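In: Compute the structure for the input listed below.
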Amino acid sequence: MDILPAIDLRSGKCVRLIQGDYQRQIDYGDDPVEVAIGFEVAGAAWIHIVDLDGARAGKIGNLPSIKAITKATEVKIEVGGGVRCLEDIEQLLEAGVSRVILGTKALEDWPWFTDLVHREELAQKLALGLDARDGLLAVSGWTAQTAQSALELSRRVQGWPLAAIIYTDISKDGMLAGANLEGSEELARATDVPIIAAGGVSTEADVRALAQLPLAGIIIGRALYEGRITIAQALKIVQKHSST
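Out: Predicted coordinates for the structure are as follows:
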């Protein structure tokens with residue numbers, strides 16, 4: 001199980017949004033490269049990056065910062081937010097990103113997404129981003145709600161050559177109120193695609209609870225920036241669980 005520290009980019013800076021609300025932003029740093037290097041030094045093997053400008057505008061908005069992070073670190077990078085076409089995917093992969101997360105475009109054009117996932121050259125390089133409120137998916141930077149179910153979509157991609165499903169409970173995200181254990185477990189048991197859970201992780205107890213589930217990874221954001229938990233503490237918990 002991986003621990004993925006999160007870097008949310010807006011105008012080239014590290015921020016966090018409360019429940020995905022662009023009007024409720026917390027600023028954490030002007031230099032995302034410095035933040036990424038710090039995560040690497042702390043032991044992270046992966047970093048989860050969200051291009052918030054891209055998610056809202058429907059086009060990549062922070063490519064220079066993403067390129068700078070991949071150049072300055074040796075960690076693996078996954079990126080989501082604003083990816084709407086094959087050119088976007090190719091740009092990110094050429095920039096050194098290990099996997100690209102598709103959310104809004106995948107849900108709005110399922111045949112397009114299906115074709116991409118099954119292309120040999122993109123096998124295990126794409127992840128499906130499922131961002132949900134009360135089990136229903138949201139798109140366009142979480143500004144629009146759909147009637148689609150996260151559970152239904154996770155079942156639909158059973159057996160697909162996806163690198164992962166990134167499951168975020170929007171109601172928990174940035175709230176430091178604990179993870180959605182029930183929803184995360186439900187998705188993990190519904191599909192053979194690796195599930196990475198995000199949203200609400202704030203304490204060692206949260207990590208310990210998630211480590212008991214059949215997940216591939218845990219994304220941690222605000223709690224790291226505010227010193228409520230460290231990467232070392234989280235890694236120790238998941239490593240201890242994997243050895244038992």
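
In: Can you name the next helix or strand after the lowest-mean-pLDDT helix or strand in the chain?
Out: Taking mean pLDDT, DSSP states H and E as the measure, the chain has strand 144-149 as its least confident helix or strand, at a mean of 68. Note on strand 144-149: by DSSP states H and E, the next helix or strand toward the C-terminus is helix 150-156.

In: Just the buried residues of that next one, please?
Out: Ala150, Leu151, Leu153, Ser154 (16 or more other Cβ atoms under 10 Å). Every C-beta, even on glycine, is put in place using the N, C-alpha and C of the backbone.

In: got the CA coordinates for that helix in CSV?
Out: Extracted in CSV, the C-alpha atoms of helix 150-156 (Å, rounded to 0.1, in the frame of the first residue of the first chain):
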residue,chain,number,x,y,z
ALA,A,150,-19.1,5.6,-8.1
LEU,A,151,-19.8,2.0,-7.2
GLU,A,152,-21.5,1.3,-10.6
LEU,A,153,-18.5,2.8,-12.5
SER,A,154,-16.0,0.8,-10.5
ARG,A,155,-17.8,-2.4,-11.4
ARG,A,156,-18.0,-1.4,-15.0
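
In: Have a look at this protein and report its longest helix.
Out: Longest helix in the chain by number of residues (criterion: DSSP state H): helix 231-242.

In: how about the helices in this protein?
Out: With DSSP H as the criterion, the chain has helices at 32-41, 52-57, 63-72, 86-94, 104-108, 110-117, 150-156, 181-190, 204-211, 222-225, 231-242.
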